[in-house]
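Novice: Take this sequence and fold it.
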Amino acid sequence: MLIYPMSTGRNFDEVLRLLDSCQLTSKHTVATPVNWKPGQDVIIPTSVSDEDAKKKYPQGFKTLKPYLRTVAQPK
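Specialist: Model (predicted):
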C-alpha cells in the first residue's frame with residue numbers, strides 16, 4: 001500500500017515498477033532489488049536452496065554472497 005498526503009505528487013513510474021515486481025514475484029520464486037526495472041536481474045530468495053535453484057534455473061545463477069544469488073529475470 002502506498003500512502004501519500006494529498007499535497008504530494010505521485011511517482012507514476014514507481015507505481016508501475018511496483019506492479020511489475022508484484023506480478024513477477026507472485027509468478028516466480030524471486031525478489032526484486034531496490035531500483036529494479038523490468039528486464040534486469042532478480043534475486044533468488046534464501047528460502048530456495050542451491051540445489052533447488054540449480055533445478056529451477058538450469059541456465060545458471062550468480063552467487064555474489066552466500067546469502068545473495070542473482071539470476072536473469074524469468075520470462
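Novice: Wait, V42 touches Q73, no?
Specialist: Yes: distance between V42 and Q73: 5.2 Å, which falls inside the contact criterion (CB atoms under 8 Å). In short, each C-beta sits where N, CA and C put it, glycine included.
Novice: Find residues that contact each of those two.
Specialist: Applying CB atoms under 8 Å, 6 or more residues apart in numbering, one finds that V42 and Q73 are jointly contacted by L24, V30.
Novice: Those two: which has the busier surroundings?
Specialist: Set side by side, V42 and Q73 show unequal neighbour counts under other CB atoms under 10 Å, the larger going to V42 at 22 against 17.
Novice: Which phi and psi values does that one adopt?
Specialist: phi -120, psi 170 (degrees, to the nearest 10).
Novice: And the helices in this structure, which stretches?
Specialist: 12-27, 50-56 (DSSP state H).
Novice: buried set for the shortest one?
Specialist: Put plainly, it is helix 50-56. By neighbour count on 16 or more other CB atoms under 10 Å, the buried set for helix 50-56 is A53.
Novice: re earlier: could I get the helices of the chain as CSV with distance to I3 and mean pLDDT?
Specialist: Rendered in CSV, the data for those read as follows (distance: least, CB to CB, whole Å; pLDDT from 0 to 100):
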stretch, distance to I3, mean pLDDT
helix 12-27, 13, 93
helix 50-56, 35, 95
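Novice: Redo the ones you listed as a markdown table? Include distance to K62.
Specialist: Output for the helices of the chain, formatted as a markdown table (distance: least, CB to CB, whole Å):
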| stretch | distance to K62 |
| --- | --- |
| helix 12-27 | 18 |
| helix 50-56 | 11 |
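Novice: To M6, which of those helices lies closest?
Specialist: For the helices of the chain, the distance to M6 is smallest for helix 12-27, at 16.3 Å, taking CB to CB.
Novice: Dump that closest one to PDB, restricted to CA.
Specialist: Output of helix 12-27 as PDB, limited to C-alpha atoms (Å, rounded to 0.1, in the frame of the first residue of the first chain):
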ATOM      1  CA  PHE A  12       3.700   7.000 -11.600                       C
ATOM      2  CA  ASP A  13       6.900   5.200 -12.800                       C
ATOM      3  CA  GLU A  14       7.300   3.800  -9.300                       C
ATOM      4  CA  VAL A  15       3.700   2.600  -9.200                       C
ATOM      5  CA  LEU A  16       4.200   0.700 -12.500                       C
ATOM      6  CA  ARG A  17       7.500  -0.700 -11.200                       C
ATOM      7  CA  LEU A  18       5.700  -1.900  -8.100                       C
ATOM      8  CA  LEU A  19       3.000  -3.600 -10.200                       C
ATOM      9  CA  ASP A  20       5.600  -5.300 -12.400                       C
ATOM     10  CA  SER A  21       7.500  -6.500  -9.400                       C
ATOM     11  CA  CYS A  22       4.400  -7.800  -7.700                       C
ATOM     12  CA  GLN A  23       3.300  -9.800 -10.700                       C
ATOM     13  CA  LEU A  24       6.800 -11.200 -11.300                       C
ATOM     14  CA  THR A  25       7.400 -12.200  -7.700                       C
ATOM     15  CA  SER A  26       4.000 -13.800  -7.400                       C
ATOM     16  CA  LYS A  27       4.500 -15.900 -10.500                       C
END
